[in-house]
Structures are given as structure tokens and as C-alpha cells.
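Visitor: any chance you can model this:
(2 chains)
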Amino acid sequence: MSARETILRKVRASLDAERNAEQRAETVAERLARAPRGLIPARGKLPQEERIALFCAHLTKLAATWRRVGSADEVPEAVATYLRERNLPASFRMGSDKRLADLPWSGQRSLEIRTGPSDGTDEVGLSHANSGIAETGTLVMLSGAGNPTTINFLPEHHIVVVEAGRIDGDLETAVGRVRRRFGRGGMPRTVNFISGPSRSGDIEQKIILGAHGPRALHVIVVG
Amino acid sequence: MVEITSPRFKQNAAGALADEQLQKAMNNVRSKFIDKRREAAEALPEFEALRDRAKAIKDHTLDHLDLYLEAYEKKVVETGGFVHWAQTAAEARGIVLDICRMANARTVTKGKSMITEEIGLNGFLETMGIRPVETDLGEYIIQLRGEHPSHIIAPAVHLTKEQVEEDFRRVHDHLPADRDLTEPEALLGEARKVLRAEYFNADVGITGANFLVAETGSSIIVTNEGNGDLTQILPRVHIVVASIEKIVPTLEDASQILRVLARSATGQEMSTYTTVSTGPRRNGDVDGPESYHVILLDNGRSAMLGTEFQEMLRCIRCGACMNHCPVYHSVGGHAYGWVYPGPLGAVLTPSLIGVEKGGHLPNASTFCGRCESVCPMRIPLPKMMRHWREREFERGLNPATQRYGLRLWAFFARHPDLYRAVTGTVVPLLSLMAPKSGRFGWLPLAGGWTRHRDLPAPEKRTFMQQLRDREAVSRQAAA
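Guide: This is a model prediction of the structure:
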């Protein structure tokens, strides 16, 4: 008997699974098909503007920085300003995502833009979030041809664009968006829920920013 | 394999109490974790209700575990991943080795994972000529020292920064000797630089899983440093090692439990990185692993189902029980002598390695109940420790004097008049003999107690004597 069969047989024996076999199967199929939402905290159910304000307040608490711009056209200028204010070189890495590629970069001629996955030499990376989550100040990043996961982790500074209209109240709504886009049970290779810059408290419980991922996280809220 | 020293718990504990470095380092655990968890719990009015939800989700999953495991496996395969089943630690190690050999792996990077500690993976890979590199800062430090984690989420919590500095100077001997490493920032910076090269160098990345999602065939890891992510996206092969009880039905269920996990562990509302991984990289993806393997490990879990220890399988490894445990605070994690320390280890260790070897651990408890009161999954840890004590007694594993003492006590407990007569004589005598401080520093036959703490002297009269007096007074008053 294979390890698989032995383990499943033991589990079934321990649970006395032969009894009510039909009902058990039905319960499981129903739960997987319906994916019921549980309890959503009240703070995850705010109206839009309060939601955006809560999202930004959480970012600050998480030691991330943020800026809100009126439209996507202002993103290149916001990126250039961030680099200038922190004395960073005028260059960064981004994926080929159309939402980023189509921005008016020509207005920022001095910016050098590299596209594709990060090789670890980039000081700054730019990504586009699928959505944001207000209850915890979390960014939801989906991997794909235009959205390399390496950009989320290798650069020292990570700049993320998120549309204000896609800042959801709660985690379950953000999960629902992914499910709607990829179909039930479907997923991209990697979904990163990111809440602040990387950190470690492993030495004497002292929290230090910039462990193995970015030392700084900057969010540009559009709209 | 991890050497098991649980049978020597008493000696381990005595050594830990006398270890000044350890006691200094443990001061950080005694307050910080507790304050942070309390603040996080108080900041979310729904926290207690979410604990109930989280418990219900896991109970439901465990009751249908066979079906969810099958559903999960089907989805992993559909998305291009491989599922391997392992009954024992040895089987799991063998599967990891086979995958590494197929990938011609020389170096594997590892995300923080207790399950690979449980199966003793690092030592095994080394003997097979494969170099495992721990990438979590705490795990990296203890790997340099040839130690094992002393805490499930803060593996190097037993060390001071001076000790870490010493290790870095010893191992990173290619770096200038006069560099400043006095602050944790400098130590972290150095580890970051050294490990960056390893991520790119590795052929295989191994992580554990906080959750396996049946609905999507995904594995989820929760981290703060980002090392678990670099471990799984840069090498060609990603291996996930997870025990069978990590399953949850849906992403919604994982979401509910995530709300109590980080708050209970570090006091964060959400850990910095929660990563959901499904299969290998897709057509058109420009990064991510080319192959994705999951090893589902039983190693004793299936035998816990349907027993009084089933509820232990709800555990999400947040560490809150040990963070709040006065015994853990005093002796640290290594004294427990195997992989899992603290109250969760006191229940899990006898289940996984046998009560013969792990029997001391459920006895290392004052039954103060703090672990259960903070456990996000509401696991009745003290009750389960009591079950182990009962089993230990039934099997005659505890020492003869203890068994004789318990029998003697049981005899008096069954004969209340005799019990009252004896205590009614001894208690006033002890009260009379008591020093002015009201505490005995030494007492015949109680050396085991008074060696480490004073014994409070009893009141002049026993509870029953006082009760009788009071009843007599109130009867008179009524008359």
C-alpha cells in the first residue's frame, strides 16, 4: 500500500469516516463550492473615503510612506520626486504591465527605466498592485507576465501604485477579486499580501526594517 | 535527526536556570511578546469572536480531513505541481533528497520551518553532500552555532546580541575584522549581504506552510523578513514540506485564521508578507520556480485524530502559549529537549515521540492556564497535559516515590474524616513552627520544593476547621 493510501486509511479510521460517508462528501463539496465568508471586522466595512484614509493611516503605522495623486498621469512625476527626495539614482526597474508601461514617462526624460524581472542589482522597483486592503494597510500583488514577483522583494526601495477605487475594506473582498479574475479555484502562481517594508525582530526582539526584502515601501494612491 | 533530550528535562531545566546569558536573553520574552499581543487583541473588538470562528474552521476541517486532503491534492496536480505523501520523518527526508538529486542540487536555501526541524532535514542533507542554508535571520544564527530553535517563531530568542556578534566574526572571516557589529542593525545588514548571494546560488528552495488551501491547491507562508519569498522564487525548484493538519478548506477560511495568527504571535495585525503560492511559474511568467512539490507529512498526526489529543491539531504555531508560559520564561526552549517547546510542546512531544521520552514535559506546568487563555485556537492545553499525566501514571512511568505519594494522598482523599484528622493536627503544628517571615526556607521531606522557592506557612486552622467555626457562629446568630 502506498504512503498516500496508508495515511488516508488511517485518517478515515480515526474519524470513523465510513459512517455518513455521503453526508461528509456533500458537506465538503458544498463548502468548497460556496466558500462562505466569515466574520468581517467593522473596520473593514467603512465607506470609500474613510476606507482610503484607514488604508493610508495603516501604511504610516507600518513604517511605509504614501502619497495620493489625482490621476494615473501624475504617477511618473510622483516616482521622480520620490527618487529625488531620497537622493536615489534616477533609475528603477518595473514589469511590462500595461498599466505602468502606458503612463506618460516621456515627461520625465531623466528617468532610466529597466523592464523585466529584477536580478538583485536594482535599488528601486516599481509595481502595480491588484488592490489594497484598508483593515490592515495591505497591498495585494499578483504575479504574471507583466508583474515579476522578484520586484516585490529584491530592490531596496519598493514603490507600488494602487488605484483608490480598488482599496477594499477587508481581506475577503480582496480574495474575492482574485477569484473573480482567475475563476473559482484558479490562482496566479504567487499572490503577495504585503504590509509594510520587510523587518526582523530576531535579535533581542528589536524590530529592524530592511531584513531580506525592501528597506522602504512607498505607495502611490491614484484617484 | 534532532537529538532528543526530553527525558533529561529536569537536568536541562536546572542548567537553564543557572545559565546567566540565557536568563538575560529571556528577559525580552517575559514582557515584549505579552504586551504586543494584548495591544493587538484590544485594538480589534471582534478578536474573541474571530478566535471562535478560527476554532470552528479547524474543527470542521479535521473532521473531514481525508476529503480535504484529496481535494487539495487534486488542485495541486491540476495547477502543475506534485504531491508526495510521507508517513514518517525518514520518508519525508528521502523524498526531499530525491527531488534535490533530480535537480542536481548542491545548495538549498530554506525558509523558516518547524516541520523541517521535526524531520531533521538539515543534518540529513549535509550527510548526503547537499548544503542547506537557513535564510531567516534567527535560523541563520542558530545554524552557524549548530543549535536548534529555542522558540517556534523567534528561533534565536535565547541569545544576546553579543553572542551573535561573536558568531558572525567567527564565520564571516572574509569581512574586515575592525567592522562595527555592536548593534542589531549592523548584524542584520551583514546577514542580508551574505544571504543575498545564497538565494541566487541555490538550486532548490524549501519552505514550510502555515496553511494549505484545498479549494485552490495553494500553500501559504507568513513571514516578516521576505526570506521565505526569495527562497521560493529564485531557485528552479520549490519544495513545500507540510504536515497534514495544515489544510483549510478555502481562502476565506485562511483569511479568518490569519486575523488571529499574527496578532497572537507578534502582535502585528498582519505579518509583513503573507504569500499564497500555487503550482510552478505559468506560461509567460518571467520569474518563479519551474517546478513545485508538496510533501504531505503524517508523522503521528493521524493517530491523534479521534483521540483526546485531536484538538491539538488545531494549532497554528503562533507561539502565544510559550510567550505566556512561566515555565518557558524560566527555562527557555532548549530545556524541553526536542523540536517543540512550551505548552504546545508539552502536549505534542509525547504524542509524536512517545510519553516514555516526553513524559516530563506535561509535568512541567503549574496549570496556571495562561496558555489556554491566549491560544487563538482555544486549545485546552492544560487539560491535555493532564491527559498525558494520567497516561504516564497508568503505564507506571513515573518514579516509585511519586506513585507511592499519590496513592497515599488518594487514600486520604477517599477517607475525608481521616484526612481532616491528619491535616487538623499537622496544619496548626506547621503554623506554630513557621518563621516570622511566614515562609519556610527549609522543611524536612520538602527539599524538592524548598531548594528553589520558599514554602508559604499555612494558616493556624484548616479550611474545614474555619468553616465549621463560621457555621457554628451563624447558627447561633440565627437561633
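Visitor: domain parsing for chain A?
Guide: Following the assignment in automatic domain parsing, chain A carries domains at A:1-34, A:44-222.
Visitor: mind checking which of the ones you listed is nearest chain B?
Guide: Distance to chain B, taken as CB to the nearest CB, is lowest for domain A:44-222 among the domains of chain A, at 2.7 Å. From N, CA and C alone the C-beta is placed, and that goes for glycine too.
Visitor: and the residue lying closest to B:His334 once chain neighbours are set aside, how far is that from B:Asn299?
Guide: Spatial nearest neighbour of B:His334, excluding adjacent residues (CB to CB, 6 or more residues apart in numbering or on different chains): B:Ser150 at 5.0 Å. Distance of B:Ser150 to B:Asn299, given as CB to CB, to the nearest Å: 22 Å.
Visitor: and if you look at A:Leu8?
Guide: 15 Å.
Visitor: strands along the chain, start to end?
Guide: If you meant another chain, say so; for now it's chain A. A:65-69, A:91-94, A:112-115, A:124-128, A:131-133, A:138-142, A:157-163, A:167-168, A:190-194, A:199-200, A:208-209, A:216-222 (DSSP state E).
Visitor: look at chain B instead
Guide: Remark: strands assigned in chain B by DSSP E are B:82-86, B:107-110, B:131-134, B:204-207, B:211-213, B:218-223, B:237-243, B:247-248, B:273-277, B:291-297, B:439-440, B:455-456.
Visitor: dump the ones you listed into a markdown table; add mean neighbour count and distance to B:Arg389 as well.
Guide: Listed next are those as a markdown table, based on neighbours: other CB atoms under 10 Å in any protein chain shown; distance: least, CB to CB, whole Å:
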| stretch | mean neighbour count | distance to B:Arg389 |
| --- | --- | --- |
| strand B:82-86 | 21 | 31 |
| strand B:107-110 | 24 | 36 |
| strand B:131-134 | 20 | 36 |
| strand B:204-207 | 28 | 36 |
| strand B:211-213 | 26 | 32 |
| strand B:218-223 | 26 | 33 |
| strand B:237-243 | 26 | 25 |
| strand B:247-248 | 26 | 31 |
| strand B:273-277 | 27 | 38 |
| strand B:291-297 | 24 | 28 |
| strand B:439-440 | 15 | 26 |
| strand B:455-456 | 13 | 22 |
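Visitor: so who does the nearest residue to A:Lys98 once chain neighbours are set aside touch?
Guide: Once flanking residues are discounted, A:Lys98 sits nearest to A:Gly146: 6.8 Å by CB to CB, 6+ apart. Counting by CB atoms under 8 Å, 6 or more residues apart in numbering or on different chains, A:Gly146 touches A:95-98, A:100-101.
Visitor: okay, domains of chain B per the record?
Guide: According to automatic domain parsing, the ranges for chain B are B:44-303, B:315-394, B:415-478.
Visitor: returning to what we had before: got CSV for the domains of chain A, with mean pLDDT too?
Guide: Converted to CSV, the domains of chain A look like this (pLDDT from 0 to 100):
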stretch, mean pLDDT
domain A:1-34, 95
domain A:44-222, 97
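Visitor: out of those, flag the one nearest B:Val241.
Guide: Nearest to B:Val241 among the domains of chain A is domain A:1-34 (14.2 Å), distances taken as CB to CB.
Visitor: do that closest one and chain B meet at all?
Guide: Yes: applying CB under 8 Å from any CB of the partner chain, one finds domain A:1-34 in contact with chain B at A:2-4, A:6-8, A:10-12, A:14-17, A:24-25, A:27-28, A:31-32.
Visitor: endpoint to endpoint, that domain covers what distance?
Guide: 34 Å (CA to CA, to the nearest Å).
Visitor: list the buried residues of that domain.
Guide: Neighbour-count burial for domain A:1-34 flags A:3-4, A:7-8, A:10-12, A:14-15, A:17, A:24, A:28, A:31-32 (criterion: 16 or more other CB atoms under 10 Å in any protein chain shown).
Visitor: and if you look at stretch A:131-147?
Guide: A:131-144, A:146-147.
Visitor: residues contacting the residue lying closest to B:Tyr273 once chain neighbours are set aside?
Guide: Nearest non-adjacent residue to B:Tyr273, counting by CB to CB, 6+ apart: B:Thr223, 5.0 Å away. Contact analysis of B:Thr223 by CB under 8 Å, 6+ apart lists B:111-112, B:136, B:229, B:271-273, B:275.
Visitor: could the residues you listed go into a markdown table alongside distance to B:Val294 and pLDDT?
Guide: What follows is the contacts of B:Thr223, written out as a markdown table (distance: CB to CB, whole Å; pLDDT from 0 to 100):
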| residue | distance to B:Val294 | pLDDT |
| --- | --- | --- |
| B:Gly111 | 14 | 97 |
| B:Lys112 | 17 | 96 |
| B:Asp136 | 20 | 97 |
| B:Asp229 | 17 | 98 |
| B:Ser271 | 21 | 98 |
| B:Thr272 | 24 | 98 |
| B:Tyr273 | 20 | 98 |
| B:Thr275 | 15 | 98 |
